[in-house]
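Novice: Below are the sequence and a predicted model; questions follow.
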Amino acid sequence: MKLIVKHQRIFTQVTVYFATVTRILLNILVVITTLALAMGVVKSGYDLLSDIHKPLSTLLQNILLDIVFILALVEVTITVLGYLKDGRVHVRYIVDTILIIMLNEVVRLWFKQADLQQSISISVVIATLAAVRISVVKFAPDHED
């Protein structure tokens, strides 16, 4: 289906304006995300020092959850940078981000000793995401790295 535009010049100007505004906002988002990453690392260090008197297992649980959350933030940043570079969002990046977030939930449930129903439901979600991730890589277009 071909798009028919009556006023091509106006359409082109609006498209360029929209692309420019989008790139500016996404660049601002990358700066904010970088600041959030730095704050997350500082918070992790602060949590480590402030919880030093707690049992080692609790301390390590908190650090592990902080690290997985920081990794999720990194994946979101990679998605934004991929869009800025290629002008499109890679499905692989989105699936990777969701997988990292689900990993955070798995760790959280693991420490809370979740019941069987919660474990099965999160396993189904992760299995589905893994299947999507494999199919995205297997059936990716040739121009995608």
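Specialist: Looks like it came in fine.
Novice: For the rest of this, base every contact and every neighbour count on C-alpha atoms.
Specialist: Will do.
Novice: For the protein, which segments count as helices?
Specialist: Using DSSP state H, the helices of the chain run over 8-50, 56-86, 91-112, 116-138.
Novice: With mean pLDDT and mean neighbour count as added columns, please give the ones you listed in JSON lines.
Specialist: Written out in JSON lines, the entries for the helices of the chain read as follows (pLDDT from 0 to 100; neighbours: other Cα atoms under 10 Å):
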{"stretch": "helix 8-50", "mean pLDDT": "90", "mean neighbour count": "13"}
{"stretch": "helix 56-86", "mean pLDDT": "87", "mean neighbour count": "17"}
{"stretch": "helix 91-112", "mean pLDDT": "84", "mean neighbour count": "17"}
{"stretch": "helix 116-138", "mean pLDDT": "88", "mean neighbour count": "13"}
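Novice: Can you add distance to residue 2 and give those back as CSV?
Specialist: Compiled in CSV, the helices of the chain are given as follows (distance: least, Cα to Cα, whole Å):
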stretch, distance to residue 2
helix 8-50, 14
helix 56-86, 23
helix 91-112, 25
helix 116-138, 27
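Novice: For residue 38, list the residues it contacts.
Specialist: Neighbouring residues of residue 38 by Cα atoms under 8 Å, 6 or more residues apart in numbering: there are none.
Novice: how about 10 Å then?
Specialist: For residue 38, the contact set (Cα atoms under 10 Å, 6 or more residues apart in numbering) comprises 32, 44, 70.
Novice: now residue 109
Specialist: Residue 109 makes contacts with 103, 115, 118, 119, 122, as judged by Cα under 10 Å, 6+ apart.
Novice: any idea how far it is from residue 61?
Specialist: Look at residue 109 and residue 61: by Cα to Cα, to the nearest Å, they are 11 Å apart.
Novice: so what's the residue lying closest to residue 96 once chain neighbours are set aside up against?
Specialist: The spatial neighbour of residue 96 that comes closest, neighbours along the chain excluded (Cα to Cα, 6 or more residues apart in numbering), is residue 75 at 7.0 Å. With contacts defined as Cα under 10 Å, 6+ apart, residue 75 is in contact with 69, 81, 93, 94, 95, 96, 97, 98, 99, 100, 101.
Novice: Residue 96 now?
Specialist: Residues counted as contacts of residue 96 (Cα under 10 Å, 6+ apart) are 72, 75, 76, 78, 79, 102, 129, 130, 133.
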